[in-house]
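Asker: what would the 3D arrangement of this be:
(2 chains)
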Amino acid sequence: MPGTKEIRSKIASVKSTQKITKAMQMVATSKMRRAQERMKHARPYAEQMRNVLGHLTEANPDYRHPFLVTREPKAVGIIVISTDRGLAGALNANVFRQTLTVMRDWQGKGATVSLCLIGSKGMSFFRRLGVPILAAVANLGDRPHVKDLIGTVKVMLDAYRAGQLDRLFLVSAHFVNTMTQQPVVEQLLPIEAIDTEGLQEHWDYIYEPDAAGVLDVLLMRYIESQVYRGAVENVASEMAARMIAMGAASDNAGKLIDELQLIYNKARQAAITKELSEIVSGAAAV
Amino acid sequence: MADAPTIHVHIVSAEGELFSGAAAAVFAAASQGDLGILPRHAPLLTLLKPGEVRVRLPGGDEEHFFVGGGALEVQPSRVTVLADTALRARDIDEAAALAAKQRAEEALRDKAGHISIAEAQAELARAAAQLKLIQRLRKLRG
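Answerer: Predicted coordinates:
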């Protein structure tokens, strides 16, 4: 019987694919847990930083740092965080679509848009659009470090300080839960009013060397920590999305194998029946 | 000395919390010189140099942390160290920024090359499909 051999090899190939998708699913699951852990670790720093900045801005209402002043938006910068690798469902596509919406929005208002790309998927997507790309970084791996992001963020902050950008946004995948990752747009600059209502006590600090210098460094660190948090959260989202995508792929492969197995059994049965009837009719002829 | 005054100390970096707990004193290398913070210190905000932060625990033991710079904040009852995980210096940051710009330019310059690779791959896939078809036709005839 022809058929059967082809079906057998097809089943074998689907099985090996399923093995790969299953392995990828398990790897993504464990990596997701670790990424969530790192997300949690990044939280205290941002909280403490907000706390300090709240006290600082409240105690010095007359000192206006450029990062806190809202200018008319003529040029907008967007930092887009994407993954380095594919096979993560619609994660990157959703982030890119969100980015394009924001871009069109600002372009409609007559502002120029320039980008800063984190992750190689974003680089291959956005370089075709002809939008100026100010800075890029890729291959951060599963454990992004602050030191890998400093340069990229600095380019955008310098452009903001020099007046080449009036707004700075961050687009990345927000980790809602394992099933849901949502692309979100956050405004990084100018820093929207820092919440000072939650402060129970009020005081002014002794500054060394001076208030402006300390504030400048703290605000820069704050933005960097926001981008870092975005990068870490994006890794968690990537792993969750991949886990779900690979789980679905494994299920589909399983279904395909079942169907093929059924076809194979039928073909095998048909071959046996045919052989038997040939033998029987052969014997009858004798 | 059972109820000696203590301060609550947090040492946090962007990548994680390094220390959190009560302490009798904190010592750090600030940008204007070394500092020792005891309980009931006046509110202070200062930048740190790369170096060691020592935390003296209420029992008298000391814990040491290396920070790559950062900021130290003293509130009436607590001390917060916002530590940098990376060594920071003006020229290191500048070099990192330059590298990021270069990567962006390379990504744009690569455009032509990248498309031709994609085209070549498409061409290859088409050729392979044709080859498969020819083989199948041969099998049918043979």
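Asker: the top helix by length along chain A close to chain B?
Answerer: Longest helix in chain A, counting residues (DSSP state H): helix A:211-285. Yes. In terms of Cβ under 8 Å from any Cβ of the partner chain, part of helix A:211-285 sits within range of chain B, namely A:Ala211, A:Gly213, A:Val214, A:Val217, A:Leu218, A:Arg221, A:Glu224, A:Ser225, A:Tyr228, A:Arg229. For every residue, glycine as well, the C-beta is placed using N, CA and C.
Asker: neighbours of the second one, how many?
Answerer: Other residues within reach of A:Gly213 by the criterion other Cβ atoms under 10 Å in any protein chain shown amount to 14.
Asker: cool, the last one as well?
Answerer: For A:Arg229, the tally of surrounding residues (other Cβ under 10 Å) stands at 20.
Asker: quickly find the element holding the nearest residue to it once chain neighbours are set aside.
Answerer: In this structure, A:Arg229 finds its nearest non-sequential neighbour in A:Ala42, 4.9 Å apart by Cβ to Cβ, 6 or more residues apart in numbering or on different chains. Take DSSP states H and E as the rule and A:Ala42 turns out to sit in helix A:4-59.
Asker: is it true that B:Thr85 lies in a helix?
Answerer: No. Using DSSP: H, G, I helix; E, B strand; the rest coil, the assignment for B:Thr85 is coil, not a helix.
Asker: chain B: strands as residue ranges?
Answerer: In chain B, the strands defined using DSSP state E lie at B:7-13, B:16-23, B:25-30, B:33-37, B:44-56, B:62-74, B:78-83.
Asker: what helices or strands is the worst-scoring helix or strand of chain A on mean pLDDT leaning on?
Answerer: Using mean pLDDT, DSSP states H and E, strand A:206-208 stands out as the lowest-scoring helix or strand of chain A, at a mean of 83. Secondary-structure packing of strand A:206-208 (3 or more Cβ pairs under 8 Å, 6 or more residues apart in numbering or on different chains; DSSP states H and E): helix A:211-285, strand B:44-56.
Asker: could those go into CSV alongside mean pLDDT and distance to A:Asn92?
Answerer: Output for the helices and strands packed on strand A:206-208, formatted as CSV (pLDDT from 0 to 100; distance: least, Cβ to Cβ, whole Å):
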stretch, mean pLDDT, distance to A:Asn92
helix A:211-285, 92, 9
strand B:44-56, 88, 37
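Asker: possible to save those as JSON lines with distance to A:Ser114?
Answerer: Formatted as JSON lines, the helices and strands packed on strand A:206-208 follow (distance: least, Cβ to Cβ, whole Å):
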{"stretch": "helix A:211-285", "distance to A:Ser114": "16"}
{"stretch": "strand B:44-56", "distance to A:Ser114": "31"}
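Asker: related to what we said a few turns ago, pick the most buried one from the strands of chain B.
Answerer: Burial of the strands of chain B is given as mean neighbour count (mean count of other Cβ atoms under 10 Å in any protein chain shown); strand B:78-83 ranks first at a mean of 23.
Asker: show me what that one is packed up against.
Answerer: Partner elements for strand B:78-83 (3+ Cβ pairs under 8 Å, 6+ apart): helix A:4-59, strand B:7-13, strand B:25-30, strand B:44-56, strand B:62-74.
Asker: if we can go back for a sec, what's the least confident helix or strand of chain A in contact with?
Answerer: Here strand A:206-208 makes contact (Cβ atoms under 8 Å, 6 or more residues apart in numbering or on different chains) with A:Gly213, A:Val214, B:Ala30, B:Ser31, B:Gln32, B:Ala42, B:Pro43, B:Leu44, B:Leu45, B:Thr46, B:Leu47.
Asker: who's in contact with the second one?
Answerer: Meaning A:Val214. A:Leu56, A:Tyr207, A:Glu208, B:Leu45, B:Thr46, B:Leu47, B:Ala71.
Asker: please apply the same query to the last one.
Answerer: By Cβ under 8 Å, 6+ apart, the contact list for B:Leu47 reads A:Glu208, A:Pro209, A:Gly213, A:Val214, A:Val217, B:Ala30, B:Ser31, B:Gly69, B:Gly70, B:Ala71, B:Leu72.
Asker: could you find the closest non-adjacent residue to the residue in chain B that chain A sits nearest to?
Answerer: Closest approach between chain B and chain A, counting by Cβ to the nearest Cβ: B:Ala96, at 2.7 Å. Nearest residue to B:Ala96, sequence neighbours excluded (Cβ to Cβ, 6+ apart): A:Gly151, at 2.7 Å.
Asker: what helix or strand is that neighbour located in?
Answerer: Under the assignment here (DSSP H and E), A:Gly151 is part of helix A:146-161.
Asker: assign the closest residue to A:Gln182 other than its chain neighbours to helix, strand or coil.
Answerer: The shortest distance from A:Gln182 to any non-neighbouring residue, by Cβ to Cβ, 6+ apart, is to A:His174 (4.7 Å). Per three-state DSSP, the secondary structure class of A:His174 is strand.
Asker: state the distance from A:His174 to chain B.
Answerer: From A:His174 across to chain B, the span is 18 Å (Cβ to the nearest Cβ, to the nearest Å).
Asker: and for that residue, the neighbour number?
Answerer: A:His174 has 17 neighbouring residues, counting by other Cβ under 10 Å.
Asker: point me to the residue of the stretch 151-286 of chain A nearest chain B.
Answerer: A:Gly151 (2.7 Å).
Asker: check contacts around that residue.
Answerer: Contacts for A:Gly151 (Cβ under 8 Å, 6+ apart) come out as A:Ala135, A:Val137, B:Asp93, B:Ala95, B:Ala96, B:Ala97, B:Leu98, B:Ala99, B:Ala100.
Asker: please apply the same query to B:Pro43.
Answerer: A:Trp203, A:Asp204, A:Tyr205, A:Ile206, B:Val74, B:Gln75, B:Pro76.
Asker: 10 Å instead?
Answerer: Contacts here follow Cβ atoms under 10 Å, 6 or more residues apart in numbering or on different chains; on that basis B:Pro43 touches A:His55, A:Ala59, A:Glu201, A:Trp203, A:Asp204, A:Tyr205, A:Ile206, A:Tyr207, B:Glu73, B:Val74, B:Gln75, B:Pro76.
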